[in-house]
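Undergrad: sequence plus the predicted model coming up.
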Amino acid sequence: MTDLGDQHFFLGISVHRSSTSLFLSQHQYALDLLRHTGIAECHSTSTPVDTRTKLSATDGNPTVGPSEYRSIAGALQYLTLTRPDLAYAVQQACLFMHDPREPHLALIKRILRYVKGTIDSGLHIGTSPVSSLTTYSDADWAGCPDSWRSTSGYCVYLIDNLIS
């Protein structure tokens, strides 16, 4: 077996190493996705979802190309490997892959516009001594307009590193 040296790029994820941390990024993958979808020249947005609206499975007209919707949603799922800030929004978009409608397509476009504005974001992994474990959680009781199920989420930080 041969030592190939430090890792710099693997499966679309670039690795930038410093003496105290690693930075994992899918910058090029995100750029390619934005070009493929035609969003590269659009204005960016500051949040991936509109917090005032609730998506329903039956609102709006069906989209013309559901296979394109599924393809973009799957590409966004891969982007969440280094972009945990996209996880909730992409999960919401994937709920409607069986029958995508115009409001769901609008969510996909909003996520892409958010990616455009945060193209340099990634996953920072530090190497400092373990001194804190911080957890945040949130819930929206009976928040789904179709099933009245609750939605919840959480994130766990070990020091400054997002681990779950």
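TA: Perfect, I can see it now.
Undergrad: specify the beta-bridge partners of residue 134.
TA: residue 157 (DSSP bridges).
Undergrad: who are the contact partners of the nearest residue to residue 127 once chain neighbours are set aside?
TA: The spatial neighbour of residue 127 that comes closest, neighbours along the chain excluded (C-beta to C-beta, 6 or more residues apart in numbering), is residue 20 at 5.5 Å. Every C-beta, even on glycine, is put in place using the N, C-alpha and C of the backbone. Shown in contact with residue 20 (C-beta atoms under 8 Å, 6 or more residues apart in numbering): 126-128.
Undergrad: what do you get for residue 30?
TA: 79, 115, 119.
Undergrad: mind listing the strands for the protein?
TA: 9-10, 13-17, 21-25, 123-126, 133-140, 151-158, 161-162 (DSSP state E).
Undergrad: tell me which of those strands lies nearest to residue 75.
TA: Closest approach to residue 75 among the strands of the chain is made by strand 13-17 (14.1 Å; C-beta to C-beta).
Undergrad: per-residue pLDDT, the residue nearest in space to the middle of the chain?
TA: Centroid-nearest residue in the chain: residue 86, 2.3 Å away (criterion: C-alpha atoms, centre = their mean). What the model reports as pLDDT for residue 86 is 91.
Undergrad: that one touches residue 77, doesn't it?
TA: No: Residue 86 is beyond contact range of residue 77, at 9.0 Å (criterion: C-beta atoms under 8 Å).
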